[in-house]
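Fold the stuff below for me.
(one chain, ligands or ions: 2)
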Amino acid sequence: MNILILGSGGREHALAWAVMQNPKCDKLIVAPGNAGIAQIATCADLDINHGGAVVTFVEENAIDFVIVGPEAPLAAGVSDRLRDAGLLVFGPSEAAAKLEASKAFTKEICAAVKAPTAGYGHFTDAEAAKNYIRQQGAPIVVKADGLAAGKGVIMAFDEATALEAIDDMFGGAFGEAGAEVVIEEFMEGEEASLFVLVDGTNILSMGSAQDHKRVGEGDTGLNTGGMGAYSPAPVLSAAIEAKAMAEIIKPTMEEMARCGAPYQGILYAGLMIKDGQPRLVEYNVRFGDPECQVLMMRLGAQAMDLMHAAAEGRLHQAQVNWADDHAITVVMAAKGYPGSYEKGTEIKGLDAQIEDGHNMVFHAGTKAQDGKVLATGGRVLNVTARGDTLQEARDRAYAAADAIDWPGGFMRRDIGWRALK
Ligand code: AMP
Ligand code: GLY
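Residues are numbered from 1 along each chain as shown. Ligands and ions are numbered 1, 2, ... in the order given. Down below sits the predicted model:
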């Protein structure tokens with residue numbers, strides 16, 4: 001099979017790494033890719049948010065199967081254009097991608113199927129939103145309705161911050177994404193993510209993970225795209241997973257099918273767990289980044305068969321072959337991230353890394369230039385390891401990260417702390 005993966009982050013490097021291990025993969029192209037991906041696959045320049053351009057590329061390169069990494073092409077209907085052209089694609093339609101692209105849409109679906117989630121109000125007008133905040137009081141969570149690259153959520157611990165967030169959002173701070181606002185009850189508990197494959201009808205668990213969103217150790221400081229992750233997440237026990245499936249995920253998927261927008265792809269459910277009860281924080285219509293890196297580390301080559309089965313509507317025939325293992329990924333980011341940071345600093349020591357089935361450095365924001373590897377993004381490397389225990393995986397990951405010579409970077413040293421405490 002000739003395969004095309006869309007995207008350029010650590011998530012796509014991990015997907016490419018898993019796909020390349022599968023003997024069914026004859027040729028792999030990643031668009032646009034990055035310096036790490038270029039070491040294992042062909043990278044191609046392509047406007048991945050433009051359905052027509054992607055269809056032409058797929059036809060010209062005799063691609064048999066397309067895997068969409070990030071949310072933007074999904075929300076732009078790229079998978080619809082591919083399906084319209086009779087091509088096989090892993091990733092939801094534009095209509096189903098609304099589960100991530102509109103927070104109000106997801107809240108309405110949850111209300112329709114009585115899925116446990118935070119109470120909320122949906123507003124298109126600043127004054128009504130402010131009245132709701134005054135009525136509810138703090139803490140409270142203010143969210144831009146649309147896609148805002150993870151930045152459209154303000155957790156307000158006092159009323160003034162919440163009111164200010166309303167002014168910012170309706171004032172255009174988040175562009176179109178903030179033209180509508182969702183205001184939610186603040187949920188307490190421990191957060192974890194559950195990943196499920198869906199083929200329109202059948203649902204198959206692809207495992208759990210826990211992200212570390214804050215930039216600083218002990219979960220302090222500003223929110224980021226994620227500073228590290230591990231899988232499985234023990235807080236998401238089998239009993240809680242079964243509850244989340246029965247009360248949240250399955251009813252949502254049935255409602256999507258009933259509304260004429262059946263879901264196909266990976267569904268990422270962010271859950272808040274308290275007293276043995278999961279509640280939905282959000283859905284994402286793609287793999288998490290860096291959660292994907294730990295899932296791929298654990299699944300390896302079978303990940304491609306599973307995604308292919310989902311795309312072909314054959315998930316009822318598929319089964320995940322789980323090992324009793326643990327994986328962890330430590331994000332190395334450019335100093336200053338998530339604020340402003342320097343670009344183009346050199347990373348050394350990557351050639352000496354052991355990259356076997358237990359250790360892998362996935363690239364997130366790098367480029368190769370004159371035989372050097374340069375940092376080009378905020379989150380730059382994902383040092384990933386697998387072990388029989390989380391502690392073993394973690395020791396391996398930090399040993400590998402410490403062997404990377406990058407004065408321009410930093411990492412959190414406590415990834416996995418909740419599970420190890
Ligand atoms: P979202 O983009 O909706 O996932 O929000 C980003 C992050 O904000 C989540 O991962 C949570 O850590 C936090 N968050 C979002 N909504 C809530 C809520 N209702 N209660 C508490 N924390 C929340
Ligand atoms: N790591 C969080 C996300 O991918 O949304």
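
In contact with the residue positioned nearest the centre of the chain, which residues are there?
Closest to where the C-alpha atoms of the chain average out (Cα atoms, centre = their mean) is residue 288, at 1.6 Å. Contacts for residue 288 were tallied using Cβ atoms under 8 Å, 6 or more residues apart in numbering; they are 11, 193, 195, 209, 211, 226, 229, 268. The way it works is simple: take the backbone N, C-alpha and C, and place the C-beta from them, glycine included.

repeat that with 7 Å
193, 209, 211, 226, 268 (Cβ atoms under 7 Å, 6 or more residues apart in numbering).

any idea which of those residues is closest to ligand 2?
Nearest to ligand 2 among the contacts of residue 288, counting by Cβ to the nearest ligand atom, is residue 226 at 3.3 Å.

Burial check on the closest one, number of neighbours?
22 (other Cβ atoms under 10 Å).

Quickly note the distance from the nearest residue to it once chain neighbours are set aside to ligand 1.
Once flanking residues are discounted, residue 226 sits nearest to residue 211: 4.5 Å by Cβ to Cβ, 6 or more residues apart in numbering. Residue 211 sits 8 Å away from ligand 1, taking Cβ to the nearest ligand atom, to the nearest Å as the criterion.

do residue 64 as well
On the measure of Cβ to the nearest ligand atom, residue 64 and ligand 1 end up 34 Å apart.

Check residue 96 too.
18 Å.

Let me know the secondary structure of that residue.
coil (DSSP: H, G, I helix; E, B strand; the rest coil).

same question, the one 3 residues further on
Three-state assignment for residue 99 (three-state DSSP): helix.

Report the contact partners of the nearest residue to it once chain neighbours are set aside.
Using Cβ to Cβ, 6+ apart and skipping residues adjacent in sequence, the residue nearest residue 99 is residue 283, 4.3 Å away. Contacts for residue 283 (Cβ under 7 Å, 6+ apart) come out as 99, 100, 106, 267, 268, 269.

same deal with residue 388?
Contact partners of residue 388, counting by Cβ under 7 Å, 6+ apart, are residue 325.

just to revisit the earlier point, and which of the contacts of residue 283 is nearest residue 373?
Within the contacts of residue 283, the smallest distance to residue 373 is 29.4 Å, found for residue 268 (Cβ to Cβ).

how near is residue 348 to ligand 2?
Using Cβ to the nearest ligand atom, we find residue 348 at a distance of 27 Å from ligand 2.

Oops, could you answer that again for residue 233 instead?
From residue 233 across to ligand 2, the span is 13 Å (Cβ to the nearest ligand atom).

Who does the residue nearest to residue 99 form a beta bridge with?
Residues in a beta bridge with residue 283, per DSSP bridges, are residue 269.

Need the pLDDT of it.
For residue 283, the model assigns a pLDDT of 97.

Also residue 356?
For residue 356, the pLDDT comes out at 84.

From residue 78, how far off is it?
Per Cβ to Cβ, to the nearest Å, residue 356 is found 35 Å from residue 78.

which residues touch the residue lying closest to residue 383 once chain neighbours are set aside?
Closest residue to residue 383 apart from its sequence neighbours, by Cβ to Cβ, 6+ apart: residue 401 at 4.2 Å. Residues in contact with residue 401 (Cβ under 7 Å, 6+ apart) are 330, 332, 383, 411.

Test for you: state the pLDDT assigned to residue 401.
On the pLDDT scale, residue 401 gets 97.

quick one: it and residue 394, what's the gap?
10 Å.

More neighbours: which of residue 356 and residue 78?
Higher neighbour count among residue 356 and residue 78: residue 78, with 28 against 7, using other Cβ under 10 Å.

before we move on, the earlier item: and the contacts of residue 401, which two are the farthest apart?
Largest separation among these by Cβ to Cβ: 383 and 411, giving 7.8 Å.

what about this protein, any weak spots by pLDDT?
150, 177-178 (pLDDT under 70).

got the residues of it near ligand 1?
Residues of the chain lying near ligand 1 by Cβ under 6 Å from any ligand atom: 118, 141, 143, 153, 155, 184-187, 191, 213, 270, 281-282.

Which one (most neighbours) among these?
That'd be residue 143 among the residues of the chain next to ligand 1, by other Cβ under 10 Å, with 26 neighbours.

and the gap between the closest residue to residue 97 other than its chain neighbours and residue 155?
Spatial nearest neighbour of residue 97, excluding adjacent residues (Cβ to Cβ, 6+ apart): residue 74 at 4.1 Å. Residue 74 is 26 Å from residue 155, where distance means Cβ to Cβ.
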